[in-house]
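*Asks:* Predicted model follows, preceded by the sequence.
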Amino acid sequence: MNAQEGTVKTHYWHKLEDGRVQCDVCPRECKLQEGQRGFCFVRANQNDEIVLTTYGLSSGFCIDPIEKKPLSHFLPGTSVLSFGTAGCNLGCQFCQNWDMSKSREMATLADQASPEQLARTAKELSCRSVAFTYNDPTVFMEYADDVADACREQGIRSVAVTAGYMCPEPRREFYSHMDAVDIDFKGFTEAFYSKICSAHLQEVKETLIYVKNETDVWLEITTLLIPGENDSDKELHDMSAWVVEQLGPDVPWHFSAFHPDWKMKNLPATPPSTLRRAREIAIASGIRHVYVGNVHDEEADSTYCHNCGKRLIGRDWYELTKWNLTAKGTCPDCGTLLPGVFEKKPGNWGRKRMPVKISQ
């Protein structure tokens, strides 16, 4: 970090013939004159190069249950040290974390920690992983990569919660540092992505395929269902067919309930029946592990053996209520392996959420 707190040089950019500098981290390809910031607001042109202005800075640190990310097949029951910075490279009108992802007030980033401090804190607090969340880590990938490396040295795993809107070269670098990811698969039409998210669908598809087929990163996906926007039977059938064909039947899929926020306060909240309908469509299409989120539904939040139907992991909100996995991660009745990253015993963090202050 240089003398200007939070600012570091980056690598994915190039100069244009007209004197501007283009950021090459995401498909938005912001072309910036000296002093200008990109769409994400945290990557800027300083001295004819792109810098990250939020390195080491955070809007706060908190210990969450891993199920809150949401991840259901990655170290169930364990705690995860979660944090975000500010800014985002999408413009989702329904953003549930808009106060952070759309923040233009760098003064809100009152907390700070070096990668080594974060890793040390996670270990001291017995967290099994650290999560880059609340806003998209694509825009602060240099900080996230360094934190992930420091955590790996301490035996702590790293989790990304992201929209997957990233260019190929930085994508390869970013995911080489990650252990698990939940990618927001926001819809299945270009119209939805361009109109509601100010982005494009194809690049998200490419990230999903890349992570599943070319990395060892554990992948789960989440879709926030918005009434009248991305919840039709046709879209859910088409989306499910694509997931099965391109990602396979074992990638867990979370359908979450929308609540009116930011620029979409005129729409109603998602009824539980819509989540159930989406889950039924996905399961009928061949997806083996489908969950609902932001509602209380223990049956639909639990994990079942896809072969014999036995309940392997029971969940009530973010708390585990049942654990029937063997030490080998298999069903005790039929011996079928449950896909995921599991330890011999689950964690017992429960549904607690605990803010953390990292001392300097």
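*Replies:* Done, it's in. Every value quoted in this text rests on a predicted model; they were computed, and no experiment measured them.
*Asks:* what ranges do the helices span in this structure?
*Replies:* All helices of the chain, identified by DSSP state H, fall at 98-101, 115-124, 141-153, 168-175, 190-196, 201-214, 233-246, 272-284, 298-301.
*Asks:* highest average neighbour count across the ones you listed?
*Replies:* Among the helices of the chain, helix 141-153 has the highest mean neighbour count (mean count of other Cβ atoms under 10 Å), at a mean of 21. Heads up, the C-betas are built off the backbone N, CA and C, glycines and all.
*Asks:* Please work out which residues outside it touch it.
*Replies:* By Cβ atoms under 8 Å, 6 or more residues apart in numbering, the residues outside helix 141-153 that reach it are 8, 10, 25, 52, 54-56, 85, 115-116, 118-119, 122, 129-130, 132, 137, 157-158, 160, 170, 173-174, 177-179.
*Asks:* Out of the helices of the chain, flag the one nearest Gly350.
*Replies:* helix 298-301 (14.3 Å; Cβ to Cβ).
*Asks:* hmm, who's touching the closest one?
*Replies:* Contact with helix 298-301 is made by 72, 275-276, 279, 290-293, 314-317, 321, as judged by Cβ under 8 Å, 6+ apart.
*Asks:* can I get the helices of the chain in TSV with distance to Glu34 and mean pLDDT?
*Replies:* Formatted as TSV, those follow (distance: least, Cβ to Cβ, whole Å; pLDDT from 0 to 100):
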stretch	distance to Glu34	mean pLDDT
helix 98-101	26	58
helix 115-124	29	96
helix 141-153	21	98
helix 168-175	23	98
helix 190-196	30	97
helix 201-214	28	98
helix 233-246	42	98
helix 272-284	47	98
helix 298-301	51	96
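*Asks:* Redo the ones you listed as JSON lines? Include distance to Asn89.
*Replies:* Shown next, in JSON lines, are the helices of the chain (distance: least, Cβ to Cβ, whole Å):
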{"stretch": "helix 98-101", "distance to Asn89": "10"}
{"stretch": "helix 115-124", "distance to Asn89": "22"}
{"stretch": "helix 141-153", "distance to Asn89": "11"}
{"stretch": "helix 168-175", "distance to Asn89": "11"}
{"stretch": "helix 190-196", "distance to Asn89": "13"}
{"stretch": "helix 201-214", "distance to Asn89": "11"}
{"stretch": "helix 233-246", "distance to Asn89": "22"}
{"stretch": "helix 272-284", "distance to Asn89": "26"}
{"stretch": "helix 298-301", "distance to Asn89": "30"}
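*Asks:* what sits against the residue nearest to Thr78 when sequence neighbours are not counted?
*Replies:* Of all residues not flanking Thr78 in the chain, Gly347 sits nearest, at 3.5 Å (Cβ to Cβ, 6 or more residues apart in numbering). Counting by Cβ under 8 Å, 6+ apart, Gly347 touches 66, 75-79, 128.
*Asks:* could you flag which of the residues you listed are buried?
*Replies:* Buried by 16 or more other Cβ atoms under 10 Å: 66, 75-79, 128, out of the contacts of Gly347.
*Asks:* Out of the residues you listed, which is nearest to Phe192?
*Replies:* Ile66 (28.6 Å).
*Asks:* Next, give me the two most distant ones among the buried ones among the contacts of Gly347.
*Replies:* Farthest pair in the buried ones among the contacts of Gly347 (Cβ to Cβ) is Pro76 and Ser79. Separation: 11.4 Å.
*Asks:* Which neighbours do these two have in common?
*Replies:* Here Pro76 and Ser79 have 66, 347 as joint contacts, going by Cβ under 8 Å, 6+ apart.
*Asks:* Any stretches of this structure with poor pLDDT?
*Replies:* Within the chain, the segments meeting pLDDT under 70 span 1-5, 97-110, 359-360.
*Asks:* in it, which residue is closest to the centre?
*Replies:* Val161 (1.3 Å; Cα atoms, centre = their mean).
*Asks:* Quick one: residues contacting that one.
*Replies:* 69, 131-134, 136-137, 181-182, 184.
*Asks:* Without its sequence neighbours, what residue ends up closest to Asn266?
*Replies:* Once flanking residues are discounted, Asn266 sits nearest to Pro260: 7.2 Å by Cβ to Cβ, 6+ apart.
*Asks:* Quick check: the one you found touching Leu267?
*Replies:* Yes - Pro260 lies in contact with Leu267 (Cβ atoms under 8 Å); the separation is 5.8 Å.
*Asks:* Same drill for the two, tell me which one is more crowded.
*Replies:* Set side by side, Pro260 and Leu267 show more neighbours around Leu267, with 16 against 13, by other Cβ atoms under 10 Å.
*Asks:* unless I'm mixing things up, that one is touching Leu224, no?
*Replies:* No - taking Cβ under 8 Å as the contact criterion, Leu267 and Leu224 are not neighbours in contact, 11.8 Å apart.
*Asks:* which residues are common contacts for those two?
*Replies:* With Cβ under 8 Å, 6+ apart as the test, Leu267 and Leu224 both reach Phe258.
*Asks:* about what we covered before: next, count neighbours for the closest residue to the residue nearest to the centre of the chain other than its chain neighbours.
*Replies:* Excluding the flanking residues, the one nearest Val161 by Cβ to Cβ, 6+ apart is Thr133, at 4.0 Å. As a burial measure, Thr133 scores 22 neighbours (other Cβ under 10 Å).
*Asks:* got a list of what the nearest residue in space to Arg351 that is not next to it in sequence touches?
*Replies:* In space, and not counting its chain neighbours, Arg351 is closest to Tyr318: 4.2 Å by Cβ to Cβ, 6+ apart. Tyr318 is in contact with 65, 67-68, 350-351, counting by Cβ under 8 Å, 6+ apart.
*Asks:* Noted, bye for now.
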